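> Take this sequence and fold it.
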Amino acid sequence: MSLPEPSALPPAAPWLPGGHALTIGSALVAGRTGEPTRWRRQRLETPDGDFIDVDWAEPSAAPPSRGVVLFHGLEGSSNSHYARALADWTRRIGWALAVPHFRGCSGEVNRAPRAYHSGDWPEIDWMLRQVRHAMGDEVDLVAIGVSLGGNALLRWAAETGAARSPVGALAAVCAPLDLAASAAAISGGLGRWTYTPMFLRTMKTKALAKWAQFPGLFDRERMLKARTLQDFDDVFTAPLHGFIDAADYWQRCSAGPHLHRIRIPTLVLNPRDDPFVPKAALPKQVASEQVRLWQPERGGHVGFASGCFPGSIDALPQVLTDWLERASHG
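Numbers count the residues shown, from 1 in each chain. You can find the predicted model right below:
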């Protein structure tokens, strides 16, 4: 069975020339239009004594027959622009939406001496199965992962196979398939002055909260001196999650080398102007009939804004849910 072609996205917003402009303009302007989503929060207790907060956006009419799980990106949440856009679209088409937050990303520091990372596929598996149970077997469930969440979702798909999968299809949007290449891209050029300080600001704040819970858990002074994602991953992310250092973490968790193992219908969407994911690091083909690569020329990093100012990112959730519905039903 061949996978369906994704529907075409509209042309990128003309007032946002280039990948950087699309990335920043979509997040700060085009993706912030419309009414705020009304979320219902559910707290799930994890087997290791921690918790995961899931935000639900459900249609107000008839019970949904379809649902989607969204895994957010680095330092993202249900308030990220792409989550808000997806929530608005799923409400309109009568789907249920669940946004599980990675540990520490729901607005409250988590309990355990750990955080989250790009390759935590056992955590993805546990969250998917919790949402599957909550929605019920009568609901057709699919999944979307964005950026870091996309890489982790792909790693899950490669590790678990198709047997008894809780989802019928999945899509990864702007996933950093080569984590080392993406870390270098974010920390170099313009990213050194824009994206890196933005990420490190919140990551360091959360790390300090974790150190206050567990004094001596990591080298606090070295963490505070981190200036790149590699610096931070070396001192915090890697050792807290069982890796030797950032290089070991990135090598073991990158989804790119594992795409050929995926047996669930999968769409891998990577714009070629994504400033976080160098086009030279994108795969040219995948030896799996269940994986479709989609690499449009424009889109930025989870940008995809279209139309005149202030623009809109509504087309992306429409295209994704359409493809997932068709792919999951053959």
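
> and the residue nearest to residue 58 when sequence neighbours are not counted, how far is that from residue 132?
In space, and not counting its chain neighbours, residue 58 is closest to residue 96: 4.9 Å by CB to CB, 6 or more residues apart in numbering. C-beta: built from backbone N, CA, C; applies to glycine. According to CB to CB, to the nearest Å, residue 96 stands 12 Å off from residue 132.

> higher neighbour count, the two?
Each of residue 96 and residue 132 has its neighbours counted (other CB atoms under 10 Å); residue 96 has more, 22 against 18.

> For that one, give me phi and psi.
phi -90, psi 150 (degrees, to the nearest 10).

> Could you shift the numbering so residue one becomes 255, and keep it that way?
Sure, I'll start counting at 255 from here, so that last one is residue 350.

> what pairs with it across the strands?
Note on residue 350: beta-bridge partners by DSSP bridges are residue 321.

> can you give me the helices in this structure?
For the chain, the helices defined by DSSP state H occupy 273-282, 335-347, 375-389, 402-414, 433-441, 449-467, 474-478, 483-486, 492-494, 500-507, 569-582.

> Tell me which of these is the most buried.
helix 402-414 (a mean of 26; mean count of other CB atoms under 10 Å).

> How about residues contacting stretch 301-313?
With contacts defined as CB atoms under 8 Å, 6 or more residues apart in numbering, stretch 301-313 is touched by 291-300, 318, 332, 341, 344-345, 348-355, 357, 360-362, 364-366, 368, 380-381, 384-385, 388.

> which parts of that stretch are buried?
Using 16 or more other CB atoms under 10 Å as the test for burial, stretch 301-313 gives 306, 307, 308, 309, 310, 311, 312.

> residues contacting residue 327?
334, 400, 401, 402, 403, 404, 428, 556.

> Could you measure from residue 307 over to residue 384?
12 Å.

> Need the residues touching each of these two.
298, 354.

> In JSON lines: the helices of the chain, plus distance to residue 327.
Below are the helices of the chain laid out as JSON lines (distance: least, CB to CB, whole Å):
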{"stretch": "helix 273-282", "distance to residue 327": "11"}
{"stretch": "helix 335-347", "distance to residue 327": "8"}
{"stretch": "helix 375-389", "distance to residue 327": "14"}
{"stretch": "helix 402-414", "distance to residue 327": "5"}
{"stretch": "helix 433-441", "distance to residue 327": "11"}
{"stretch": "helix 449-467", "distance to residue 327": "10"}
{"stretch": "helix 474-478", "distance to residue 327": "21"}
{"stretch": "helix 483-486", "distance to residue 327": "13"}
{"stretch": "helix 492-494", "distance to residue 327": "19"}
{"stretch": "helix 500-507", "distance to residue 327": "15"}
{"stretch": "helix 569-582", "distance to residue 327": "14"}
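
> mind giving me the domain ranges of this structure?
With automatic domain parsing as the criterion, the domains of the chain are listed as 273-432+508-582, 434-507.
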